[in-house]
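Enquirer: turn this into a model:
(2 chains)
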Amino acid sequence: MTFTVDERGGRRSAVVEARHQSKGTKNNRPPRDSYALFLLPGALAFLVIVVVPFLMNTGVSFTEWQGVGSPKWTGLANYRELMDDAEFWASFRHSLFMVVSMAVVPTVLGLVLAAALFDFVGKHFGSRIAAVLRACFYLPQVLPIAVAGIVWSWILAPENGSLNELLKAVGLGGLQQDWLGDPDLALYSVMGVMVWVQLGFPLVIFMAGLQRVDPQLYEAAELDGAGWWRRFWHVTLPQIRPEIYVVLLWCTIAALKVFGAVYVLTKGGPGGATDVPSYFSFTTFFEKTQVGYGAAISTVLTVIVLLLAVVGLKLQTRAEDAEQGVVR
Amino acid sequence: MTALRRYPVLLALVIGALFMVLPFLIVTVNAVKSPAEYSANGPLSLPEGVYLDGLKDFWERVDFGQKLVNSMLISGSVALGAVILSVLNAYAIGIGRIKGRTWVLAFFVLANMLPQEALVYPVYYLSKEAGLYDTRLSVIIVFTVIQAAFGTYLLASVLGQFPREIIEAARIDGANKWQVLWRIVVPVSRPTIGVLLVFFFIWTWNEFLLPLVMLISNDNQTVSVALGVLQGQRLMDATMTNAAALLGVLPAIVFFLVFQRTLTRGIAVGAVK
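Expert: Residues are numbered from 1 along each chain as shown, chains lettered A, B, ... in the order given. Now for the predicted structure:
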């Protein structure tokens, strides 16, 4: 993303500069670096609020520290301990489940829903109905995760929970479960809730993306006798590929960082069945007060997130460039 | 396509949409039931009447008014502060085209993607040292900076496309950079700035981890934290839970209805990049 912005910006500025030179206004332009002054407040704030704490956290990860007294330097001991910590590996395995429920499933469902709402409902039933349906799907996105957690842990409650009552009411009482309290089920229950929470985001982005697709492409495909699925596959998907990259990247990162939902729904339980790295580091910091070890967990998480971000952005940039190469 | 084949698809989509809003409906229905009615008829029955004591009890018990004020104050200040910071950063990057702007921009993007877990303990520790622990100001400062990272990224790419002729013209007419920023760039970018204000407000309202760590006293807590902590302790009975959920849901729905247009426009702006 960043690299594209710059490359495009660079190209554009070259064009603009050339234009200015031909108009002979170049001498009136101020020296560009005097703008750096405007960056000063932002840069200072970032230094204090992001850079310094981040470096401190990394530093602390090489120490043993209870949060009081002075930290004891232990080098890589925390990281070595992490490698053998089953709890740590379990939390990262759960992260992969979260990626499925917060990035993969919402993206796939969101694509189908966006195409259905845009290309089908919008066309045959009017854009107003499509907008109302879109709003329904988006609604959970504006909800604080704490509130979503309250709502769902009550719905999924073992006794008198709405889901169990509903199952009983339709004669499927045998399927009643302790959805969040059963170690074999809890992770899947949390995943279900996360799909509900997350679905609206890709849907709305994809619908926005579809608005810039030339309607003639659909008309041409329809004239050629392409059915809905073929149009979806050959027109919709290729046209909104940039949005798909953005959504997958952002949702995957959000999934790796998920904290609030786990805190409110299960507190990582039962028996660590829904623990995730962010919650694991939180409890290590504030409940076990093993600050050095907690810092090591969050450092590993950071490295993974940033690696993913850099690789994702590069891939996206390359794909966009390749696409532009084909078009132009 | 014949009408006969059209309606099943619409029906499926409507059922899907209903499923998405069903939790909201169930919560609303149960928040206005009395405890006796709830235990007699269960969660799925329609309420016999409107019983508001549960809501009132919960409101008073957690001092919900104070929580609302805290959330508004924090989210409002963050939205305003982060927009100002974003505008200044983006002006230098997008219009000033300062040297090394790729790296500066990459830095802001990565700062925004950084897991808050990697900042939380040092921020907690430093705020204690600075005497800012358990103050709303500490949360405002931290989120202003974190949100501004996203704002800088989005606004810098928007300002990168700003028509340079307008700026050149103003400069020739003798406006200095500060005047160009406030009289030309900010007014012209008002739609994007509006989008950022709304997003920052809602995101900050919904934040959980940092406020949970930083705001321990009852008087400073936000709506999200107060509800999340109560839920975590499982102190609430069913009626109280629903009252809490409904009161938590309502502000979100109000934002949603008020800002729906801005939100969708913002998502469009954000997605295209």
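
Enquirer: check chain A and tell me which residue is nearest its centre.
Expert: Geometric centre of chain A, nearest residue: residue A:251, 2.0 Å, by Cα atoms, centre = their mean.

Enquirer: pull up the gap between it and residue A:98, please.
Expert: Look at residue A:251 and residue A:98: by Cβ to Cβ, to the nearest Å, they are 10 Å apart. (Glycine included, C-beta is placed from N, CA and C.)

Enquirer: again with residue A:307
Expert: Distance, residue A:307 to residue A:98, using Cβ to Cβ: 17 Å.

Enquirer: more neighbours, those two?
Expert: residue A:98 (26 against 10; other Cβ atoms under 10 Å in any protein chain shown).

Enquirer: can you count the residues close to whichever residue of chain B sits closest to chain A?
Expert: Nearest residue of chain B to chain A, counting by Cβ to the nearest Cβ: residue B:96, 2.4 Å away. Close neighbours of residue B:96, defined as other Cβ under 10 Å, add up to 22.

Enquirer: quick one: the closest residue to residue A:269 other than its chain neighbours from chain B, how far?
Expert: Of all residues not flanking residue A:269 in the chain, residue A:186 sits nearest, at 7.3 Å (Cβ to Cβ, 6 or more residues apart in numbering or on different chains). Residue A:186 sits 15 Å away from chain B, going by Cβ to the nearest Cβ, to the nearest Å.

Enquirer: repeat that for residue A:202.
Expert: 10 Å.

Enquirer: how many neighbours does that residue have?
Expert: 29.

Enquirer: cool, residue A:128 as well?
Expert: Neighbours of residue A:128 (other Cβ under 10 Å): 10.

Enquirer: now it: which helix or strand?
Expert: helix A:127-138 (DSSP states H and E).

Enquirer: which parts of the stretch 201-328 of chain A sit against chain B?
Expert: Contact residues (Cβ under 8 Å from any Cβ of the partner chain) of the stretch 201-328 of chain A with chain B: A:204-205, A:208-209, A:211-212, A:242-243, A:246, A:253, A:256-257, A:259-260, A:263-264, A:267, A:277-278, A:281-282, A:285-286, A:291, A:294-295, A:297-299, A:301-302, A:305-306, A:309-310, A:313.

Enquirer: those residues in strands, which ones?
Expert: Judged by DSSP state E, strands contain none of these.

Enquirer: what subset of these is buried?
Expert: A:204-205, A:208-209, A:242-243, A:246, A:253, A:256-257, A:259-260, A:263-264, A:267, A:277-278, A:281-282, A:285-286, A:291, A:294-295, A:297-299, A:301-302, A:305-306, A:309-310, A:313 (16 or more other Cβ atoms under 10 Å in any protein chain shown).

Enquirer: on that earlier part again, just the pLDDT for the residue nearest to residue A:269.
Expert: Looking at residue A:186, its pLDDT stands at 90.

Enquirer: need the contact list for it.
Expert: Residue A:186 makes contacts with A:179-180, A:266, A:269-270, A:273-274, as judged by Cβ atoms under 8 Å, 6 or more residues apart in numbering or on different chains.

Enquirer: on that earlier part again, what separates the closest residue to the residue of chain B closest to chain A other than its chain neighbours from residue B:89, distance-wise?
Expert: In this structure, residue B:96 finds its nearest non-sequential neighbour in residue A:35, 2.4 Å apart by Cβ to Cβ, 6+ apart. Using Cβ to Cβ, we find residue A:35 at a distance of 11 Å from residue B:89.
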